[in-house]
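Next come a sequence and a model predicted from it.
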Amino acid sequence: MTSFIKMSGCGNDFIALVEPVEAPAEGAIRAWCRRGISLGADGVFTLHRLRPQAVEMRYWNSDGGEAALCLNGTRCAAQLAFQLGWSSDRVTVRTGAGELAARRLASGAVAVEAPLPEPPSKTTLVTPDGAFTGWLARVGVPHLVCFRDQPVESVPLDDWSPALRRHRDLGPEGANVDFVEMRGRHDLTIRSFERGIEGETLACGTGVLATAAAALAAGLAELPIRALTRGGFTLEVLGETDDAKVKRWELAGEARLVAEGTLLPGAC
């Protein structure tokens, strides 16, 4: 039996394991994350205390594959550290993409400082569904950001995204896919199809940041940027830019503890 805490960060939900003796097995992660017949989650992370004001997290997608970075997961890890009393209002989270500073906001939300993006590049990919022009942006993990003139609610995301996510021009790792509708220079609506989950999620933190980087590069936006996600939550990108290039930025939004308990043998 395994003790767990269930968490949600703007609709991304996670199974958190606090200082487990060993990392969970790939098969167990896949089983636990199955919705309807197990606990269900977008992913699993472990959290270990390193020293005062510092923790380490490891993150796995629902397919059991480990990922270097999940920003909503990182925000949840920071919130959990606060709730456990390991830190008061600021904590450093060691991730596969480096150490990230997180802070608790007055509203109870959590902001995490993210790695600076690589310069986004514009590309056109051809699939059986047509030609898609978008921006390639990497924020710890790769994303293909496609801006749309029409409301993103009308995008057949599950039909278009698989071919884009695994497009040969993106290399063997492929990319997450984000369809975005700009609603001014500070507001946008986003839908994200994530690798490792192989489907749409209610929110994607790295997708919001990749979109912000692409929108800045395209001259479509300026900070701060508020992103309305599929789950109805708003993730905010805060920070500073210099000539449309990011100098420092944070991803901010709600992060909550939902439940705690024990994963029984039937969860597998």
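It's in.

Residue 88 reaches residue 82, doesn't it?
Yes: between residue 88 and residue 82 there is a contact under Cβ atoms under 8 Å: 7.2 Å. The C-beta positions use only the backbone N, C-alpha and C, and glycine is treated the same way.

Need the contact partners of stretch 87-95.
Surrounding stretch 87-95, the residues in contact under the criterion Cβ atoms under 8 Å, 6 or more residues apart in numbering are 50, 52-57, 59, 68-69, 74, 77-78, 81-82, 99-104, 112, 140.

If any of these are buried, put those into a ChimeraX selection.
To isolate the buried subset of those in ChimeraX, counting by 16 or more other Cβ atoms under 10 Å, use the following:
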select :54,55,56,57,59,69,74,77,78,81,82,100,102,103,104,112,140
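
from the contacts of stretch 87-95, which ones fall inside strands?
Among those, DSSP state E puts 50, 54-57, 59, 99-104, 112 in strands.

and which of the residues you listed is nearest residue 176?
For those, the minimum distance to residue 176 (Cβ to Cβ) is 14.3 Å, reached by residue 59.

contacting residues for that closest one?
Contacts of residue 59 (Cβ under 8 Å, 6+ apart): 43-45, 66-67, 69-70, 73-74, 95-96.

can you check residue 200 too?
Contacts of residue 200 (Cβ under 8 Å, 6+ apart): 157-158, 161, 191-194, 230.

same check, this time on residue 129
159-160, 163.

ok, of those, which come out buried?
residue 160.

quick one on the thing from earlier: mutual contacts of residue 88 and residue 82, please.
residue 104.

quick one: the helices in this protein?
Shown for the chain, the helices assigned by DSSP state H span residues 26-32, 71-83, 157-165, 205-217.

and the ones you listed as JSON lines, adding mean pLDDT and distance to residue 246?
As requested, the helices of the chain are exported to JSON lines (pLDDT from 0 to 100; distance: least, Cβ to Cβ, whole Å):
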{"stretch": "helix 26-32", "mean pLDDT": "98", "distance to residue 246": "32"}
{"stretch": "helix 71-83", "mean pLDDT": "97", "distance to residue 246": "14"}
{"stretch": "helix 157-165", "mean pLDDT": "97", "distance to residue 246": "25"}
{"stretch": "helix 205-217", "mean pLDDT": "96", "distance to residue 246": "6"}
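
Just send those back as JSON lines, with distance to residue 10 too.
Below are these laid out as JSON lines (distance: least, Cβ to Cβ, whole Å):
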{"stretch": "helix 26-32", "distance to residue 10": "21"}
{"stretch": "helix 71-83", "distance to residue 10": "6"}
{"stretch": "helix 157-165", "distance to residue 10": "18"}
{"stretch": "helix 205-217", "distance to residue 10": "8"}
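
between these, which gets nearest to residue 255?
Closest among the helices of the chain, once you apply Cβ to Cβ, is helix 71-83, at 4.0 Å.

Could you report the neighbour count for the closest residue to residue 56 other than its chain neighbours?
If the residues on either side of it in the chain are set aside, residue 56 comes closest to residue 94, at 4.2 Å by Cβ to Cβ, 6 or more residues apart in numbering. Residue 94 has 17 neighbouring residues, counting by other Cβ atoms under 10 Å.

So for residue 94, what's the pLDDT?
We note a pLDDT of 98 for residue 94 in this prediction.

can you offset everything so residue one is 21?
Yep, numbering from 21; the last one is residue 114 now.

Would you check how far apart it and residue 98 are?
Separation of residue 114 from residue 98 (Cβ to Cβ, to the nearest Å) stands at 11 Å.

who touches both of the two?
Taking Cβ under 8 Å, 6+ apart as the criterion, residue 114 and residue 98 both touch residue 75.

Contact partners for the closest residue to residue 148 other than its chain neighbours?
Spatial nearest neighbour of residue 148, excluding adjacent residues (Cβ to Cβ, 6+ apart): residue 183 at 6.5 Å. Residues in contact with residue 183 (Cβ under 8 Å, 6+ apart) are 147-149.

Can you pull out the low-pLDDT segments for the chain?
Of all residues in the chain, none has pLDDT under 70.

90 instead, please
Residues of the chain meeting the criterion pLDDT under 90: 21, 126-128, 135-138, 160, 262-265.
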